[in-house]
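In: sequence and computational prediction follow.
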Amino acid sequence: MPIYTKVGDEGRTCFFGCGLVEKNDDRIEALGVLDELNSIIGLTLCFVEDDRLRNMLTKIQNDLFTVGADLAGSELAADTLPRITDGHVHELENLIDELEDKLGMPKKFILPGGTISSSFLHLCRTITRRAERELVGVKLAIKLNPIILRYVNRLSDLFYVLARQANKELDVREQQPIYKYLKEDTMKRGVDRGVERGAEKVV
């Protein structure tokens, strides 16, 4: 059987319990971002050597399939498909608490980056945030399992502390945004314009 079904040739696809829907439907957009997130986690794993972190990320990949199944089966009976539960959320919270005890909370915003693994974990965090925004839109259209939003919200927090931990393990110092660059650049442009205007007057 070929991988192509031709069902989507006119821009529509199947959604459990709802039949054919447009591919830009909010529910399909959310599933797409979850797929994107899972893929970037897979890429991140290529740059992670720590066994515990690898196991953690692999479990998250599997849990994201449960999120997708829960979302896709929102209109079906509760026991029809796997569902995200409070247990999934508590597991993330325990990991976050453990890491925050070691790292402490930063007093300022930090720039994404540092080590390769930290940079990819920050990218995972931002895509998770986008998935969360998409799911908020879905919530307005269907009866979404409310635990899904809690899980995705905690997941972005976990990626944040994991990114910080990845830098700390290699003694890479966290960098804070330097807002004065914008101010200095703006002032410099103002001075340059003043010089130009002065030169025009002299001429």
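Out: Ah, there it is.
In: how much space between the residue nearest to the spatial centre of the chain and Gln176?
Out: In the chain, the residue lying closest to the centroid (C-alpha atoms, centre = their mean) is Thr128, at 2.0 Å. Here Thr128 is placed at a distance of 22 Å from Gln176 (C-beta to C-beta, to the nearest Å). The C-beta positions use only the backbone N, C-alpha and C, and glycine is treated the same way.
In: same check on Arg83?
Out: Noted for Arg83: a distance of 40 Å to Gln176, by C-beta to C-beta.
In: also Ile96?
Out: Ile96 sits 22 Å away from Gln176, taking C-beta to C-beta as the criterion.
In: could you list the low-confidence segments of the chain?
Out: Residues of the chain that meet the criterion pLDDT under 70 lie in 1-26, 75-78, 181-203.
In: all the strands of it, residue numbers only.
Out: For the chain, the strands identified by DSSP state E occupy 12-15, 19-22, in order along the chain.
In: next one: Thr85 from Ala163, what distance?
Out: In this structure, Thr85 lies at 26 Å from Ala163, with C-beta to C-beta as the measure.
In: more neighbours, the two?
Out: Taking neighbours as other C-beta atoms under 10 Å, Thr85 and Ala163 compare with Ala163 leading, 25 against 14.
In: isn't the more buried one up against Leu123?
Out: No. The pair Ala163 and Leu123 does not pass the contact test of C-beta atoms under 8 Å, sitting 9.0 Å apart.
In: joint contacts of the two?
Out: Listed as contacting both Ala163 and Leu123 by C-beta atoms under 8 Å, 6 or more residues apart in numbering are Pro112.
In: ok so, going back, comparing Arg83 and Gln176, which shows the higher neighbour count?
Out: Set side by side, Arg83 and Gln176 show unequal neighbour counts under other C-beta under 10 Å, the larger going to Arg83 at 17 against 11.
In: great, nothing more from me.
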